[in-house]
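S.K.: show me how the following folds:
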Amino acid sequence: MSAPSDPGPTPAGPGPRPAGGGEAPGEAELIARLAALPVANVGDAMDRLHVVDGAIHSVWPAVGARLAGRAVPVTVAGGDNLGIHEVIPTLTEGDVLVVNGQGATHRALVGELIAGRAMARGCRGFVLDACVRDAVDLQRMGFPVFARGTTPAGPYRNGPFEAGVAAAVGGVVVHPGDLVLGDDDGVAVVPWERAAEVLAAAEAKHATEARQRAEIGS
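M.R.: Down below sits the predicted model:
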């Protein structure tokens with residue numbers, strides 16, 4: 001199968017907002033409020049589901065990586081980044097590129113140059129089921145990248161790839177427009193249709209833990 005010349009349309013944003021009492025928060029508010037929470041609280045609010053495999057973690061050498069935005073998934077062949085190159089020009093402000101790289105760790109699919117191109121388009125960061133390189137430079141740029149690890153070995157660029165459809169990353173299916181959150185603990189994916197519900201539950205969980213910490217004096 002040859003790589004398609006056109007990755008297809010990239011959704012401008014999530015689909016219909018969840019139904020429920022009152023007006024649901026808009027996308028920007030949802031992302032901002034979820035971004036303020038520990039990813040662990042968000043995972044707990046989803047019954048510990050939709051949490052990406054712990055082997056996919058921040059590649060920054062030091063702590064402090066935080067990621068929040070809407071998913072743009074792409075699936076590539078192991079060790080090949082043609083699909084990433086094709087999708088980068090379609091990214092818009094607030095997007096997170098989510099890559100099913102087949103879990104391959106023998107090649108780095110991205111580095112500082114690709115990250116710089118994505119960052120210039122307003123991309124918030126990358127999550128890859130694969131490896132990357134230039135970890136120190138990525139941290140200097142302030143560009144959060146979550147991956148299985150690092151390797152200096154560069155990628156191939158032959159294809160095939162799929163874009164504009166759901167992709168599986170670290171055991172979680174990610175649809176275009178889902179909300180992707182990352183911190184030093186790892187990554188969770190909030191299905192867009194559940195975003196308002198998950199936000200409410202995660203904020204309640206965070207408040208409960210704050211009260212518990214106060215009670216034990218920590």
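S.K.: mind giving me the packing neighbours of the longest helix anywhere in the chain?
M.R.: Ordering each helix of the chain by length in residues (DSSP state H) puts helix 195-216 first. Judged by 3 or more Cβ pairs under 8 Å, 6 or more residues apart in numbering; DSSP states H and E, the packing partners of helix 195-216 are helix 27-35, helix 39-45. Yep, even glycine has a C-beta here, placed from its N, CA and C like the rest.
S.K.: now do the contacts for residue 106.
M.R.: For residue 106, the contacting residues are 78-79, 131, 151, 153, by Cβ atoms under 8 Å, 6 or more residues apart in numbering.
S.K.: phi, psi for it please.
M.R.: Main-chain torsions, residue 106, degrees, to the nearest 10: phi -90, psi -10.
S.K.: and the pLDDT at it?
M.R.: Per-residue confidence at residue 106 stands at 98 (pLDDT).
S.K.: repeat for residue 154
M.R.: 97.
S.K.: three-state assignment of it?
M.R.: Under DSSP: H, G, I helix; E, B strand; the rest coil, residue 154 falls in the coil class.
S.K.: list the contacts for it?
M.R.: Residue 154 touches 107-108, 133, counting by Cβ under 8 Å, 6+ apart.
S.K.: on that earlier part again, for the longest helix of the chain, buried residues please.
M.R.: For helix 195-216, the neighbour count (16 or more other Cβ atoms under 10 Å) marks 195-199, 201-203, 205-206 as buried.
S.K.: one more: stretch 134-152?
M.R.: Buried residues in stretch 134-152 (16+ other Cβ under 10 Å): 134-135, 138-139, 143-148, 150-151.
S.K.: which one of the contacts of residue 106 is nearest to residue 53?
M.R.: residue 131 (13.9 Å; Cβ to Cβ).
S.K.: and the gap between that closest one and residue 50?
M.R.: As judged by Cβ to Cβ, to the nearest Å, residue 131 and residue 50 stand 23 Å apart.
S.K.: neighbour count winner among the two?
M.R.: Ranked by neighbour count (other Cβ atoms under 10 Å), residue 131 and residue 50 place residue 131 first, with 24 against 21.
S.K.: so how far is residue 211 from that one?
M.R.: 41 Å.
S.K.: same deal with residue 93?
M.R.: 36 Å.
S.K.: swap in residue 162?
M.R.: The value you get for residue 162 to residue 211, if Cβ to Cβ is used, is 46 Å.
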